[in-house]
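Peer 1: Sharing a model that was predicted from the sequence below.
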Amino acid sequence: MKPDIRLEQAADHAAIYDITKRAFAPMPFSDGDEPDLINRLRDAGALDISLVAELDGKLVGQVTFSEAFAADGSKGWYALGPVAVEPELQSQKIGAQLIELGLAMLRERDAAGCVLIGNPAYYSRFGFRLFPNLSPDGEPAEYFQILPLRTTAPNVVVSFHSLFHG
Ligand SMILES: CC(C)(COP(=O)(O)OP(=O)(O)OC[C@H]1O[C@@H](n2cnc3c(N)ncnc32)[C@H](O)[C@@H]1OP(=O)(O)O)[C@@H](O)C(=O)NCCC(=O)NCCS
């Protein structure tokens, strides 16, 4: 499946909310907050990169990158997520293409790295690795992953935007 991928526009906001809500609804780990989180980040000007995938003019997926915060004050850290694909179109690499393009944009910015909470079975294919010793307080260490972009051995705790927690 080869969607067109581009930055979100204002006209996409409602469709992003809808797809994210439906994609996460069956997920046992989801608290249902993901579509509202995207809106909170956007309203706060903290939605750094929001890419959407389109097929035949219809929005079929979205990925969010927001600023993340290193404990030592170093800059250039980002968080990936939420990411969602239209349920009927999942497992056809739409999510992978959204994530890979977003990560390419981070590399172009000379980002320090990207963090996320997610299933390592999926995100390891993009180079994310578990760093349980660097997991921020309150986050599940078994799902906390980092893709280091400037060094292979990050040694700083990087936290998500406070809006992730309401
Ligand atoms: C996760 C998601 C964005 C991936 O997009 P996609 O287009 O379906 O994925 P891709 O085609 O790139 O990759 C498919 C692979 O991801 C796996 N996968 C999908 N969701 C997964 C999840 N939550 N955890 C682990 N693996 C997952 C599929 O089993 C498949 O594995 P395979 O390649 O070994 O067969 C999409 O499946 C989705 O919207 N899921 C519901 C919302 C969600 O879980 N978001 C991520 C939360 S961390």
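Peer 2: Looks like it came in fine.

Peer 1: Could you pull up the contacting residues of the residue in the chain positioned nearest to the ligand?
Peer 2: Closest contact between the chain and the ligand, by CB to the nearest ligand atom, is at Gly95 (2.0 Å). C-betas here are computed from N, CA, C, even on glycine. The neighbours of Gly95, taking CB atoms under 8 Å, 6 or more residues apart in numbering as the test, are Gly61, Val63, Val83, Ala84, Val85.

Peer 1: Output the one helix or strand the third one maps to as PDB, nothing but the C-alphas.
Peer 2: Looking back up the chat, that one is Val83. Following DSSP states H and E, the helix or strand that holds Val83 is strand 77-85. The C-alpha trace of strand 77-85 is given here as PDB (Å, rounded to 0.1, in the frame of the first residue of the first chain):
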ATOM      1  CA  TRP A  77      14.700  15.100  21.900                       C
ATOM      2  CA  TYR A  78      11.400  14.000  20.500                       C
ATOM      3  CA  ALA A  79       8.600  11.500  21.500                       C
ATOM      4  CA  LEU A  80       6.800   9.400  18.900                       C
ATOM      5  CA  GLY A  81       3.100   8.700  19.400                       C
ATOM      6  CA  PRO A  82       0.300   8.300  19.100                       C
ATOM      7  CA  VAL A  83       0.400   6.600  15.700                       C
ATOM      8  CA  ALA A  84      -2.700   5.100  14.200                       C
ATOM      9  CA  VAL A  85      -3.900   3.500  11.000                       C
END
